[in-house]
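A.B. asks: Next comes the sequence, and after it the predicted model I'd like to discuss.
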Amino acid sequence: MRTTKQQRLRKRILTIVVIVIIAAMAFAYIIPLTAMPVYATPETPPPPDYGTDMGDFDDSTLPMPGDDDDDEEDLPKPDLRIIGGPITLDVGQTIMIQYLMENFPSGTFPEWQSTNERVAIVGSGGELQAVAPGTAEIEVFAGGQRWSSVFVTVNDLKAKGISIVVANDVTKTGIGSYEVKTTEVIRLTATIDPKGAKVDKIVWELADDTVAKLTPNGQVCDFVANGKGQTQVTVSAGALSDTIFINIVESGTPIAKIWEIFRLVLVAVVVIVVIAITLNLQKQKAEKEKARQRALAKRRREEAERRAREEAEMEQQRDMREPRAAQTEDRETMKVTGAVVGAGVSAPPEGGKPPQPERPVTLDDLD
């Protein structure tokens, strides 16, 4: 009986627990659903319109860039530009173009170009030279791209002065004053300051044409002195002019020229004396060498003759010794032969005739 009541109690408790669990789960699920707001399906936004003006650009509509894009945006942009505005030069003038070049790869150099090289030319380093009057545009390139340019105006070079230059061999007596001899011709040259400036027609004028005359040829003029006197020469080009004074004296041999001639003669004499002494010394040396060679040849000849005489004497002595040796040998033979022959003959009787002198023994006697 107790067992049945206990079982019923357990079932009721288990049922209650299950109901509580189910209620808790339902409460946890239903409440959030009722509290969640209802959302509409979001529409896909249209692609951003970047436009042609960078001022309309909205980077908030761009997708998030990757790491590589961030690196590219962080790199500074290259820049190449000419510093300064339009340039004005005179013909013949040269300047360096000032420019700024930043953030280019190493080994990148600017390249220059003139749109009118008859007016102005530009070098590889930006050297700008004015050639002729006119205008030109100087452009600078780098990496195959044109970056900047500057306009150049070239004006005619204006002359500031004109002067007469006299040949160096003319005697100068003061500032702008010279002295020449009659019949002498001197060269005059008109120089323009600055060099290369254009001037009007150059005109030469002579104050007194009775003592001299002029032969002009552009910037060059020959002055011919005809007689004694004083005159002046003037050169002009537009508003510019210059004048020199010339004093013409009788021609003669000045002391300076006499001294110059004397020096030349003295130098020539010294040179001739030195040459003569040198030749004489060489001649004496050659004669001494010839005498030495002759003495040496004579000694060699005497030595050869002496040796020849000695050889002849030795040969003669040899020839003389050979007959004597032969005679001595014959005598020894005769003595030996006579002794042998005499030993076989009876001695003469005593008191008889003395023996005959021995004769030479021949081969017949031996037979």
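C.D. replies: That came in fine, so what should we check first?

A.B. asks: could you say what helices and strands the helix or strand harbouring V273 packs with?
C.D. replies: Here V273 sits within helix 255-343, counting by DSSP states H and E. Helices and strands touching helix 255-343, as assessed by 3 or more Cβ pairs under 8 Å, 6 or more residues apart in numbering; DSSP states H and E, are absent. Bear in mind the C-beta positions are built from the backbone N, C-alpha and C, glycine included.

A.B. asks: how distant is it from the center of its chain?
C.D. replies: 63 Å (Cα atoms, centre = their mean, to the nearest Å).

A.B. asks: ok, now stretch 180-189?
C.D. replies: The answer for stretch 180-189 is 43 Å, by Cα atoms, centre = their mean.

A.B. asks: Now tell me what touches it from outside.
C.D. replies: With Cβ atoms under 8 Å, 6 or more residues apart in numbering as the test, stretch 180-189 has contacts from 164-167, 169-171, 178, 204, 219-228, 233, 235, 244, 246-252.

A.B. asks: The protein - how does it break down into domains?
C.D. replies: By the assignment in automatic domain parsing, the chain contains the domains 68-155, 161-252, 255-295.

A.B. asks: Now for this protein, the helix or strand with the poorest mean pLDDT.
C.D. replies: Scoring the helices and strands of the chain by mean pLDDT, DSSP states H and E places helix 67-74 at the bottom, with a mean of 53.

A.B. asks: right, and the helix or strand after that one?
C.D. replies: Helix 67-74 is succeeded, C-terminally, by strand 79-82 (DSSP H and E).

A.B. asks: Distance from the chain centre to the helix or strand that that following strand is followed by, please.
C.D. replies: For strand 79-82, the succeeding helix or strand toward the C-terminus, using DSSP H and E, is strand 87-90. In terms of Cα atoms, centre = their mean, the centre of strand 87-90 is found 35 Å from the chain centre.

A.B. asks: and the contacts of stretch 180-189, which are buried?
C.D. replies: 164, 166, 170, 178, 204, 219, 221, 223, 225, 233, 235, 244, 246-249 (16 or more other Cβ atoms under 10 Å).

A.B. asks: Show me the two of the residues you listed that sit farthest apart.
C.D. replies: Q219 and V249 (27.9 Å; Cβ to Cβ).

A.B. asks: pLDDT of the helix or strand where I121 lies, averaged?
C.D. replies: Element membership of I121, judged by DSSP H and E, is strand 120-122. Averaging pLDDT along strand 120-122 yields 94.

A.B. asks: Tell me which residues of it come out buried.
C.D. replies: Neighbour count says strand 120-122 has 120-122 buried, by 16+ other Cβ under 10 Å.

A.B. asks: ok so, going back, from the buried ones among the contacts of stretch 180-189, which is closest to Q317?
C.D. replies: Nearest member of the buried ones among the contacts of stretch 180-189 to Q317, counting by Cβ to Cβ, is V170, at 99.7 Å.

A.B. asks: quick one, phi psi at the closest one?
C.D. replies: phi -90, psi 140 (degrees, to the nearest 10).

A.B. asks: Model confidence at it, what's the number?
C.D. replies: For V170, the pLDDT comes out at 88.

A.B. asks: ranges for the strands of the stretch 101-250 of the chain?
C.D. replies: In the stretch 101-250 of the chain, the segments counted as strands under DSSP state E, counting those that start in this stretch are 111-114, 120-122, 127-130, 134-142, 145-155, 161-166, 171-174, 177-181, 185-193, 203-206, 212-217, 220-225, 229-237, 240-249.

A.B. asks: want to throw these into a markdown table with distance to R300?
C.D. replies: A markdown table is the format used below for the strands of the stretch 101-250 of the chain (distance: least, Cβ to Cβ, whole Å):
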| stretch | distance to R300 |
| --- | --- |
| strand 111-114 | 89 |
| strand 120-122 | 85 |
| strand 127-130 | 83 |
| strand 134-142 | 93 |
| strand 145-155 | 93 |
| strand 161-166 | 77 |
| strand 171-174 | 73 |
| strand 177-181 | 73 |
| strand 185-193 | 74 |
| strand 203-206 | 86 |
| strand 212-217 | 80 |
| strand 220-225 | 77 |
| strand 229-237 | 85 |
| strand 240-249 | 78 |
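
A.B. asks: Tell me which of the ones you listed lies nearest to G84.
C.D. replies: strand 145-155 (7.0 Å).

A.B. asks: what angle separates the closest one from strand 134-142?
C.D. replies: Strand 145-155 and strand 134-142 meet at an angle of 160 degrees, taking axes from the mean of the first three to the mean of the last three Cα atoms, to 10 degrees as the criterion.

A.B. asks: From the contact counts, what lies against strand 145-155?
C.D. replies: Against strand 145-155 (3+ Cβ pairs under 8 Å, 6+ apart) you get strand 79-82, strand 87-90, strand 127-130, strand 134-142.

A.B. asks: For the third one, enumerate the helices and strands it packs against.
C.D. replies: Identification of packing neighbours for strand 127-130 by 3+ Cβ pairs under 8 Å, 6+ apart yields strand 87-90, strand 94-96, strand 120-122, strand 145-155.

A.B. asks: That strand - what's its average pLDDT?
C.D. replies: Strand 127-130 comes out at a mean pLDDT of 92.

A.B. asks: Please apply the same query to the last one.
C.D. replies: Throughout strand 134-142, pLDDT has a mean value of 93.

A.B. asks: strand partners of it, parallel vs antiparallel please.
C.D. replies: strand 111-114 (antiparallel), strand 145-155 (antiparallel) (DSSP bridges).
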